[in-house]
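Trainee: Predicted structure and sequence below. I'll ask about it afterward.
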Amino acid sequence: MNFLMNLIEFSFLYFPLMVGGYISISLMRLPDLSIEAAYVFGAILASKTALIFGGESLLKYLLVIFASLLGGALVGFISSSLSIFLKLPHMLSAILTIGMFQGINQIVLGCSNISLASVDLVINKIIIFQNYPEFLVGFLIFMLLILIGFLFFKTSLGYCLVVFGINGEFFSFYNISKKYVYFVGIILSNALAGLSGFLIVQASGFVDIGMGSGIALLCIAVILFGNFFNRFKKRVSIFVPVLGVCSYILLQQLMMQFGFDTKYFTMLQAILILCFLFLNLKFNEVNFKKMLNNLGF
C-alpha cells in the first residue's frame with residue numbers, strides 16, 4: 001500500500017515540473033536549463049512566504065502556491081529577456097540565469113537550507129489524508145493541469161508553442177510575434193517548475209539551495225519515457241508527461257524497494273538516456289535525430 005501511495009503521490013508532485021519541461025524542451029525544442037533555477041527559486045520564495053505569513057488558512061496557502069508560481073515565472077522572465085534583448089542563444093541565457101540565481105537564492109533564503117516544520121499548513125488538517133497530506137493537493141493540481149493542458153494545446157497559443165519548435169519562420173509569415181510566444185512559453189514552463197519545487201519541499205519538510213541539481217536531466221528522462229510510451233498516439237499530448245512521470249516514478253520506487261541507493265539515481269538517469277540514444281543511433285538514425293529534436297537539441 002505504501003509503495004502504491006508513494007508512486008501516485010510523487011507522480012502528482014513532480015507532474016507540474018514535467019509539464020513545464022515538456023513545453024519548453026519537447027515542444028519548443030529549447031535546451032531549457034533555467035528550469036533548474038526556476039524549480040529552486042519557486043520553492044524558496046514559497047517557503048519564505050509560508051514562514052512569514054503562515055499557511056494555516058486556505059487563503060494563505062493559496063498565497064504560498066502563487067508565490068511558487070511567481071518565483072518560477074520570474075526566472076523564466078529573466079532567462080527569456082536575456083535571450084531576446086541581448087540576442088543570446090537560449091542555452092547561454094539559461095546558464096547565466098542559473099549563475100545569477102545561485103546568489104539570489106542565497107540572499108533570499110539567508111542560509112543553505114531551512115526547515116518548514118514550524119509552519120502549520122492547511123493541508124495538514126485534512127484528517128483523511130494525514131499520512132499523505134500532500135496527496136489531495138497533488139491530485140487536484142494533477143487533474144487541473146490535465147484539463148487545462150488538454151484544452152490549451154487546442155488553442156492558437158498552444159499551436160504556436162508547437163510550431164515554435166518546428167518552424168520558427170512561420171511567425172514572420174503570418175505576422176505573429178515570435179518574441180511573445182517565446183516569452184509566454186518559457187515563463188509558463190518555469191512557473192510550473194517553481195510550483196513543483198514547492199510541492200516537493202512541502203513533502204520533504206525543508207528547502208535546500210542545491211535541490212535543483214539534476215532537474216533538467218530528470219525532465220529529459222521523463223520526456224524520453226513519455227514519448228516512448230506515447231509513440232503510437234498524437235505527437236503533441238498532455239499524456240506525454242503523464243506517461244513519462246508515472247513510468248519514471250514507478251522505476252524509481254521499484255529500485256528503492258530492491259535497496260538501490262537514491263544518491264546514485266542521477267547517474268542512472270544519465271545512463272538510461274545514453275542507452276535510449278545509443279539504441280536509436282544504432283538501429284534507427286532517423287528516429288535518433290527526431291529524438292534529439294524532441295529534447296531541444
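Mentor: Received it, and whenever you're ready, just let me know what you need. Numbering: from 1, shown residues only.
Trainee: Mind listing what's buried along stretch 263-273?
Mentor: Within stretch 263-273, the residues scored as buried using 16 or more other C-beta atoms under 10 Å are 265, 269, 272-273. (C-beta placed from N, C-alpha, C; glycine too.)
Trainee: what's the answer for stretch 2-10, then?
Mentor: Across stretch 2-10, burial judged by 16+ other C-beta under 10 Å covers 6-10.
Trainee: now stretch 146-166
Mentor: Neighbour counts over stretch 146-166 (16+ other C-beta under 10 Å) mark 146, 149, 152-153, 158, 160-165 as buried.
Trainee: and if you look at stretch 272-285?
Mentor: By 16+ other C-beta under 10 Å, the buried positions in stretch 272-285 come out as 272-273, 276, 280.
Trainee: same check, this time on stretch 132-139
Mentor: By neighbour count on 16+ other C-beta under 10 Å, the buried set for stretch 132-139 is 132-135, 137-138.
Trainee: Which single one of the buried residues of stretch 2-10 is nearest to residue 54?
Mentor: Of all the buried residues of stretch 2-10, residue 54 sits closest to residue 9, with 23.8 Å by C-beta to C-beta.
Trainee: Would you confirm that the closest one contacts residue 141?
Mentor: No - if you go by C-beta atoms under 8 Å, residue 9 and residue 141 don't touch, sitting 11.8 Å apart.
Trainee: for residue 114, helix, strand, or coil?
Mentor: Assigned by DSSP: H, G, I helix; E, B strand; the rest coil, the conformation of residue 114 is strand.
Trainee: same question, residue 72
Mentor: Under the three-state scheme (three-state DSSP), residue 72 adopts helix.
Trainee: Check which helices and strands the helix or strand hosting residue 91 sits against.
Mentor: Per DSSP states H and E, residue 91 falls inside helix 90-109. Under the contact definition 3 or more C-beta pairs under 8 Å, 6 or more residues apart in numbering; DSSP states H and E, helix 90-109 sits against helix 34-53, helix 58-85.
Trainee: packing partners for the shortest one?
Mentor: With contacts defined as 3+ C-beta pairs under 8 Å, 6+ apart, helix 34-53 has these neighbours: helix 2-21, helix 58-85, helix 90-109, helix 178-204, strand 206-208, helix 215-229.
Trainee: List the buried residues of that helix.
Mentor: Buried positions in helix 34-53, judged by neighbour count with 16+ other C-beta under 10 Å: 34-51, 53.
Trainee: and the angle from it to helix 178-204?
Mentor: If you take axes from the mean of the first three to the mean of the last three C-alpha atoms, to 10 degrees, helix 34-53 sits at 50 degrees to helix 178-204.
Trainee: How about exporting helix 34-53 as PDB, limited to the C-alpha atoms?
Mentor: Extracted as PDB, the C-alpha positions of helix 34-53 are listed here (Å, rounded to 0.1, in the frame of the first residue of the first chain):
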ATOM      1  CA  SER A  34      16.900  27.500 -16.500                       C
ATOM      2  CA  ILE A  35      14.100  25.100 -15.300                       C
ATOM      3  CA  GLU A  36      16.600  24.100 -12.600                       C
ATOM      4  CA  ALA A  37      16.800  27.600 -11.200                       C
ATOM      5  CA  ALA A  38      13.000  28.000 -11.500                       C
ATOM      6  CA  TYR A  39      12.400  24.800  -9.600                       C
ATOM      7  CA  VAL A  40      14.600  26.000  -6.700                       C
ATOM      8  CA  PHE A  41      13.600  29.700  -6.600                       C
ATOM      9  CA  GLY A  42       9.900  28.900  -6.700                       C
ATOM     10  CA  ALA A  43      10.400  26.600  -3.800                       C
ATOM     11  CA  ILE A  44      12.400  29.200  -1.900                       C
ATOM     12  CA  LEU A  45      10.000  32.100  -2.500                       C
ATOM     13  CA  ALA A  46       7.000  29.900  -1.500                       C
ATOM     14  CA  SER A  47       8.800  28.600   1.600                       C
ATOM     15  CA  LYS A  48       9.700  32.200   2.800                       C
ATOM     16  CA  THR A  49       6.100  33.300   2.100                       C
ATOM     17  CA  ALA A  50       4.900  30.400   4.300                       C
ATOM     18  CA  LEU A  51       7.300  31.200   7.100                       C
ATOM     19  CA  ILE A  52       6.300  34.900   7.000                       C
ATOM     20  CA  PHE A  53       2.600  34.700   6.500                       C
END
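Trainee: What mean pLDDT does it get?
Mentor: For helix 34-53, the mean pLDDT works out to 94.
Trainee: chain center to it, what's the gap?
Mentor: 13 Å (C-alpha atoms, centre = their mean, to the nearest Å).
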